[in-house]
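sequence first, then the predicted structure, then my questions.
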Amino acid sequence: MEELTTTNNHFQNVSPKVGGTWFLACKVEDVPTNGGVCVKYNDQQIALFHFTRRGEWYATQN
């Protein structure tokens, strides 16, 4: 089984200036504290996570 630290090397963070078109997915209040939501945009499913303990947001496409 591959270690998580090794797996993380396959991904990279992008700045808002890099990633194409941005759209309003939901309000900050819609995302549970230290939890996530699924947003559907056209035919794409996107999971949004807000880790308030760390002050970090993550998104991933299903």
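Thanks, I have it.

how about the helices in the chain?
Applying DSSP state H to the chain gives helices spanning 4-8.

what about the strands in it?
Along the chain, the segments classed as strands by DSSP state E run 35-41, 44-51, 56-61.

can you list these in JSON lines and add distance to residue 22?
No exception for glycine: its C-beta is placed from N, CA and C like everyone else's. Listed next are the strands of the chain as JSON lines, based on distance: least, C-beta to C-beta, whole Å:
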{"stretch": "strand 35-41", "distance to residue 22": "11"}
{"stretch": "strand 44-51", "distance to residue 22": "12"}
{"stretch": "strand 56-61", "distance to residue 22": "11"}
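
got the contact list for the closest residue to residue 56 other than its chain neighbours?
Among residues not flanking residue 56 along the chain, residue 50 sits closest, at 7.7 Å (C-beta to C-beta, 6 or more residues apart in numbering). Residue 50 makes contacts with 28, 31, 32, 33, 34, 35, 36, 56, 57, as judged by C-beta atoms under 8 Å, 6 or more residues apart in numbering.

could you find the closest non-adjacent residue to the first one?
Once flanking residues are discounted, residue 28 sits nearest to residue 50: 7.4 Å by C-beta to C-beta, 6+ apart.

partner residues bridging that neighbour?
residue 35, residue 57 (DSSP bridges).

and it, how far is that from residue 42?
23 Å (C-beta to C-beta, to the nearest Å).

and if you look at residue 21?
With C-beta to C-beta as the criterion, residue 21 and residue 42 are 11 Å apart.
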